[in-house]
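Undergrad: need a 3D model of the following:
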Amino acid sequence: MRLLLFSLICLSLTSFDATAALSDISKIYREVPTLDGLDVCFGGGCAEIRHVSINTQEWTQVVSVFAFKADDATLERQQIAYAIGMLETIVGAKIGTSGDRAGTFSNSKFPDQLDCNDEAINTTTYMHLMQYYGLIKLHEAEDMRTRSFFFNGWPHTTAVMHEKATGERFAVDSWFYDNGIPATIVPFELWKSGYIPEDSPVLHH
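TA: Numbering: from 1, shown residues only. I've put the predicted structure just below:
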């Protein structure tokens with residue numbers, strides 16, 4: 001929980017208008033997301049929290065990403081990345097964030113945007129959801145982390161998971177691209193060093 005609180009230090013810095021109470025965000029972390037109900041954040045710093053459900057037809061789309069049973073962790077990471085993008089599309093249509101643009105900076109004029117904190121919390125929730133239903137087998141979600149590298153003078157936060165067999169940690173970052181694009185999954189130490197994909201719109205805003 002202390003790591004979670006450290007990650008949330010930048011909430012007041014990166015949000016557009018307001019931030020959710022730490023107690024609300026901690027509640028999201030403690031609860032077990034299910035298809036019948038899960039909480040998602042948007043608006044910057046989890047300023048807005050919506051409770052949504054995922055129907056059978058929608059979930060079938062997510063399950064289809066894992067149709068080929070991965071026997072190696074590299075393939076499963078690719079599946080997780082695509083499934084997170086798919087869940088963003090499904091949830092975005094329900095809460096009005098389908099138009100979420102890559103990054104945070106220069107996006108405050110657009111409604112219903114997500115900053116890195118929203119993205120990290122939601123991605124962690126999506127991974128817990130997929131773990132709960134047995135889709136993710138070779139990895140396990142961890143608390144989100146904030147890197148000491150500052151992008152444009154701001155801290156940056158990501159979801160994190162580790163490979164069960166090796167313990168290697170990976171950043172699972174859905175902030176670098178628009179809503180619905182597969183998440184970026186790279187070794188955590190690479191991400192921590194300040195990694196940004198070369199084709200990310202974040203570099204060109």
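Undergrad: Gly44 is in what secondary structure piece?
TA: Under DSSP states H and E, no helix or strand contains Gly44.
Undergrad: thought it was touching Asp115?
TA: Yes. Counting by Cβ atoms under 8 Å, Asp115 is a contact partner of Gly44 at 4.5 Å. Using the backbone N, CA and C atoms, a C-beta is placed for each residue, glycine as well.
Undergrad: compare those two and say which is more crowded by neighbours.
TA: Asp115 (31 against 24; other Cβ atoms under 10 Å).
Undergrad: hmm, the more buried one is touching Ala47, no?
TA: No. Counting by Cβ under 8 Å, Asp115 does not reach Ala47; the two are 9.2 Å apart.
Undergrad: now do the SS call for Ala171.
TA: Of the three states, Ala171 takes strand under DSSP: H, G, I helix; E, B strand; the rest coil.
Undergrad: pLDDT-wise, which helix or strand of this structure ranks last?
TA: Lowest by mean pLDDT, DSSP states H and E among the helices and strands of the chain is helix 11-14, with a mean of 40.
Undergrad: residues of the longest helix seen in the chain that come out buried?
TA: Identified as the longest helix of the chain according to DSSP state H is helix 73-95. Residues 73, 76-77, 79-88, 90-92, 95 are the ones in helix 73-95 that count as buried (16 or more other Cβ atoms under 10 Å).
Undergrad: ok, stretch 123-139 next?
TA: Residues 123-131, 135-136, 138-139 are the ones in stretch 123-139 that count as buried (16+ other Cβ under 10 Å).
Undergrad: out of the residues you listed, give me the two with the largest separation.
TA: Thr125 and Leu138 (19.5 Å; Cβ to Cβ).
Undergrad: and the residue nearest to the spatial centre of the chain, which of the three is it?
TA: Taking Cα atoms, centre = their mean, the centroid of the chain lies closest to Thr123, which sits 2.4 Å from it. Under three-state DSSP, Thr123 falls in the helix class.
Undergrad: just the pLDDT for it.
TA: In this model, Thr123 is scored at 97, pLDDT.
Undergrad: what sits closest to it if chain neighbours are left out?
TA: Ala159 (3.8 Å; Cβ to Cβ, 6 or more residues apart in numbering).
Undergrad: quickly list what that neighbour is bridged to.
TA: On the basis of DSSP bridges, Ala159 is bridged to Val172.
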